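Enquirer: Coordinates only, no sequence provided:
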């Protein structure tokens, strides 16, 4: 599976990591580490995760993708298969 992230998603993740880091030293890195671990799980078996219908930024009503919440920080991760 080839992974490509949207620039806005990258910015949002970085902002979340900085927000956590401002609260406690090391929490931002923890979030990024957990995000990477979760991404590896998604890449290993993308069909395992919940389907998401009606993405807010798409013109279609559904897409072949899914979503998972990154355990630390409850950061949502959505993806598209294709």
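Expert: Yep, it's here. These numbers were taken from a predicted model, which means no experiment stands behind them. Residues are numbered from 1 along each chain as shown.
Enquirer: Show me the shaky parts of the chain.
Expert: For the chain, the stretches with pLDDT under 70 are 1, 51-76, 81-82.
Enquirer: What does the residue lying closest to residue 20 once chain neighbours are set aside show for phi and psi?
Expert: In space, and not counting its chain neighbours, residue 20 is closest to residue 27: 3.9 Å by CB to CB, 6 or more residues apart in numbering. In short, each C-beta sits where N, CA and C put it, glycine included. With angles defined as degrees, to the nearest 10, residue 27 sits at phi -70, psi -40.
Enquirer: so residue 27 makes contact with residue 21?
Expert: Yes: with contacts counted by CB atoms under 8 Å, residue 27 reaches residue 21, the gap being 5.9 Å.
Enquirer: gap between residue 79 and residue 32?
Expert: According to CB to CB, to the nearest Å, residue 79 and residue 32 sit 17 Å apart.
Enquirer: what packs against the helix or strand hosting residue 39?
Expert: For residue 39, the host element (DSSP states H and E) is helix 27-44. With contacts taken as 3 or more CB pairs under 8 Å, 6 or more residues apart in numbering; DSSP states H and E, helix 27-44 sits against helix 7-23, strand 65-70, strand 75-80.
Enquirer: Mean neighbour count and distance to residue 42 for those - can I get that in JSON lines?
Expert: Shown next, in JSON lines, are the helices and strands packed on helix 27-44 (neighbours: other CB atoms under 10 Å; distance: least, CB to CB, whole Å):
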{"stretch": "helix 7-23", "mean neighbour count": "13", "distance to residue 42": "13"}
{"stretch": "strand 65-70", "mean neighbour count": "17", "distance to residue 42": "6"}
{"stretch": "strand 75-80", "mean neighbour count": "17", "distance to residue 42": "6"}
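Enquirer: Save those as a markdown table, and put in distance to residue 46 too.
Expert: Formatted as a markdown table, the helices and strands packed on helix 27-44 follow (distance: least, CB to CB, whole Å):
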| stretch | distance to residue 46 |
| --- | --- |
| helix 7-23 | 16 |
| strand 65-70 | 7 |
| strand 75-80 | 7 |
